[in-house]
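Undergrad: Whatever this is, show me its structure:
(2 chains)
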Amino acid sequence: MPMHNEEIARVFDEMADLLEIAGDNPFKVRAYRNAARTVRNLGRELAEMVAAEEDLTRLPGIGRELAAKIRELVATGRLRALEKLHRQVPPTLEELLRIPGLGPRRVALLWRRLGVRDLRGLERALAAGRVARLRGFGPRTVEQIRQSLRSRTAVERRFLRFDAARHATALQRWLEGATGVKEVVVAGSFRRGRETVGDLDLLAVVEGKSEVIARFLAFDEVTRVVSRGITRATVFLRNGLQVDLRVVSPEQAGAALVYFTGSRAHGIRLRRMAQARGLKMNEYGVFREGVNLAGADEASVYATLDLPWIPPELREDRGEIEAARTGRLPRLIEPADLRGDLHCHTRASDGHGSLREMAEAARAAGLEYLAITDHSVRIGVVHGLDEERLVAQMEVIDRLNGELEGIVLLKGMEVEILEDGRLGMPDEVLERLEVVIGAVHSHFRLGRRQQTRRLLRAMENPHLHLVAHPSARLLESRPPIDLDWRAFLRAAAENRVVLELDAQPRRLDLDDIHARQALDAGVEIAIDSDAHTVQDFALLEEGVRQARRGWVEPDRVVNTLPLESLRRRLRGS
DNA sequence: GCCGTTTTCGGCCCGACTGTTTTCAGTCG
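TA: Model prediction:
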């Protein structure tokens, strides 16, 4: 069982946590965390790089020692240094760090002085009143720990960006009603367009005095105030979403926006660059010997480092700073670049609109063409179309195309990719369609070899144009299928199969990293709504955002093509 | 443990808020 990057990153994070509790050199701890981040963001599998005997020390934050540890992990699946650490520090202490208010110093104290090793031990120590007697544990801290244990806020929870957006908008509107507020911006991972967010970071740009913090605390969804200050406050909303508000003045707004948009790794890189130039960069501006050089807008902040403005979706320290420095930032795709949508459903299968309703909604959304791709009849999908119903639908589409203006419907189908890689519809039928999408809706848990073989075989079918939502994951509920992505992408490129980026908020599949890998492998992408209702075409924007995170440029997206070019492209494959 | 347009040694991003202190450590983002 080969070791994946995520597991290696987790090992490094665990090393960092335990070293920190053990009181080891804080910079060594940071080195492990940096390495974990590098590994997580890496576009390629370390196991493959090790197999190819590539020089791992060329990766940022990976030196001789950590390169050796990566090789050890890949080769043996174990890390002796971690096992040795486990003999000194109980590994279960890691779970205590997840509790808000407990950091490495306090966890170390609980462990060394009270023998607390895990959550249960902590509960017992609390009940016995032993925690309150420790130095540094006052009544407020003890109460906070008790509450965290009770409400299980210790468990990290992420929210779909799409769901958080509703709260973000409501809060923005509410805060903009406070005196002196010029603008309220949502920063953080939300602004970077991540598919899920852990919290919301709001930035209020305020002129003069303002009651914006008080108004924030009075928002009617607020159930708990964690902290409140002059420039900053943190609350929890009823649904468990944490929201941070920062108050900044207009001349600081750009610096604050850079700072609070992150990512952390991106910000650290910027501040290090600033430092190397004798500058100091923080959320208030960029300074040389106390003199403010920039800060009112983001572009001025980047300019002090001789960098162009970098789109938020790229700010993950995945090469965007190097690209900016050398003038190689991508021209990222925008919603207006999309001319059509190649994936939607009607009442004929599991959708909710008629053919005409879907067509008119797509036209209203600014699209020029729309492929109708109802499900084929097979396992797992309700109301799939059989051959007969499909042929009937094709006739209706022909007739509708004669009546509709400003939108063209394409005849298509979302066909099941069966367990063995065959498609769930005979070739004679598929060859009459303009858009054939293959999709996995069953047998999600096949082993990597079998799953990869299944998709490779499906892509060898000459009638297949696209593979829909390739990983088949559902965010926060179903893990991605186990796939050899390298082989999968190579086969997609060879067979000229387009990979879909499905814009449904729960899917967003391809994800950002795989979208970028697909481009690198020479594979084209389609950004589709997978609409099931007339409202769903608005979701294309979510798909575009994810594509931007994957560095996708419009000329690599087939549904930016004019209709006739698209038809030629699909016939040619 | 990493890293180097000044460095192979001596640095390592930066500030707010809280609680427990009596001048600041710990935590968080």
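
Undergrad: What residues sit buried inside stretch A:190-207?
TA: For stretch A:190-207, the neighbour count (16 or more other CB atoms under 10 Å) marks A:190-206 as buried. Backbone N, C-alpha and C define where each C-beta goes, glycine included.

Undergrad: can you give me phi and psi for the closest residue to DNA strand B within the stretch 101-250 of chain A?
TA: Among all residues of the stretch 101-250 of chain A, A:Gly138 sits closest to DNA strand B, at 1.4 Å; criterion: CB to the nearest atom of the strand. The phi/psi pair for A:Gly138 (degrees, to the nearest 10) reads phi -80, psi 180.

Undergrad: Run a quick neighbour tally on it.
TA: Neighbours of A:Gly138 under the rule other CB atoms under 10 Å: 11.

Undergrad: ok, now the one 4 residues further on?
TA: Residues near A:Val142, counting by other CB under 10 Å, number 17.

Undergrad: now the one 3 residues further on
TA: The criterion is other CB under 10 Å. On that basis, A:Ile145 has 24 neighbouring residues.

Undergrad: mind listing what it touches?
TA: Contacts for A:Ile145 (CB atoms under 8 Å, 6 or more residues apart in numbering) come out as A:99, A:101-102, A:122, A:126, A:131.

Undergrad: Could you do A:Ile230 as well?
TA: A:Ile230 makes contact with A:213, A:247, according to CB under 8 Å, 6+ apart.

Undergrad: Checking it next. Helix, strand or coil?
TA: Secondary structure, DSSP: H, G, I helix; E, B strand; the rest coil: A:Ile230 is coil.

Undergrad: mind checking pLDDT for it?
TA: pLDDT recorded at A:Ile230 is 88.

Undergrad: how near is the residue lying closest to A:Glu460 once chain neighbours are set aside to A:Gly412?
TA: Nearest residue to A:Glu460, sequence neighbours excluded (CB to CB, 6 or more residues apart in numbering): A:Asn495, at 6.4 Å. Note on A:Asn495: its distance to A:Gly412, by CB to CB, to the nearest Å, is 18 Å.

Undergrad: Between those two, which is the more surrounded one?
TA: Legend: neighbour count by other CB under 10 Å for A:Asn495 and A:Gly412, higher for A:Gly412 (26 against 16).

Undergrad: in the sheet, who's paired with the more buried one?
TA: Beta-bridge pairing for A:Gly412 (DSSP bridges): A:Val435.

Undergrad: how close does it sit to DNA strand B?
TA: From A:Gly412 across to DNA strand B, the span is 44 Å (CB to the nearest atom of the strand, to the nearest Å).

Undergrad: and if you look at A:Gln252?
TA: Relative to DNA strand B, A:Gln252 is positioned 11 Å away (CB to the nearest atom of the strand).

Undergrad: Tell me if I'm right that that residue and A:Phe287 touch.
TA: No - using CB atoms under 8 Å, A:Gln252 is not in contact with A:Phe287; the gap is 11.6 Å.

Undergrad: So between these two, which is more surrounded?
TA: The neighbour comparison of A:Gln252 against A:Phe287 (other CB under 10 Å) goes to A:Gln252, with 21 against 18.

Undergrad: The more buried one belongs to a helix, doesn't it?
TA: Yes - residue state for A:Gln252 (three-state DSSP) corresponds to a helix.

Undergrad: OK, contacts around it?
TA: By CB under 8 Å, 6+ apart, the contact list for A:Gln252 reads A:283-285, A:295-296.

Undergrad: can you check A:Glu476 too?
TA: Taking CB under 8 Å, 6+ apart, we find A:Glu476 in contact with A:158, A:160, A:196, A:506.

Undergrad: And the first one, what's its pLDDT?
TA: It refers to A:Arg158. So, for A:Arg158, pLDDT stands at 84.

Undergrad: try A:Glu541
TA: The confidence metric pLDDT takes the value 97 at A:Glu541.

Undergrad: just to revisit the earlier point, turn the contacts of A:Gln252 into JSON lines, including pLDDT and secondary structure.
TA: Below are those laid out as JSON lines (pLDDT from 0 to 100; DSSP: H, G, I helix; E, B strand; the rest coil):
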{"residue": "A:Glu283", "pLDDT": "91", "secondary structure": "coil"}
{"residue": "A:Tyr284", "pLDDT": "91", "secondary structure": "coil"}
{"residue": "A:Gly285", "pLDDT": "92", "secondary structure": "strand"}
{"residue": "A:Gly295", "pLDDT": "89", "secondary structure": "coil"}
{"residue": "A:Ala296", "pLDDT": "91", "secondary structure": "coil"}
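
Undergrad: now that we have those residues, which one has the most neighbours?
TA: Among these, the one with the most neighbours (other CB under 10 Å) is A:Gly295, at 27 neighbours.

Undergrad: and the contacts of A:Ile145, which are buried?
TA: Buried residues within those, defined by neighbour count using 16+ other CB under 10 Å: A:99, A:102, A:122, A:126, A:131.

Undergrad: So among those, where is pLDDT lowest?
TA: In terms of pLDDT, the lowest of these is A:Ile99, showing 83.

Undergrad: Could you tell me which residues make contact with A:Ala362?
TA: Counting by CB under 8 Å, 6+ apart, A:Ala362 touches A:341, A:344, A:370, A:407, A:531, A:537.

Undergrad: what sits against the second one?
TA: Contacts for A:Cys344 were tallied using CB under 8 Å, 6+ apart; they are A:351, A:358, A:362, A:370-373, A:528-532, A:536.

Undergrad: again, 6 Å this time
TA: The neighbours of A:Cys344, taking CB atoms under 6 Å, 6 or more residues apart in numbering as the test, are A:358, A:531.

Undergrad: could you check the distance from it over to A:Glu7?
TA: Using CB to CB, A:Cys344 is found at 38 Å from A:Glu7.

Undergrad: Within reach of DNA strand B, which of the buried residues of stretch A:190-207 are there?
TA: Among those, the residues that sit close to DNA strand B (CB under 7 Å from any atom of the strand) are A:199, A:201.

Undergrad: So which of the buried residues of stretch A:190-207 are in helices?
TA: Among those, the ones falling in helices (DSSP state H) are A:190-192.
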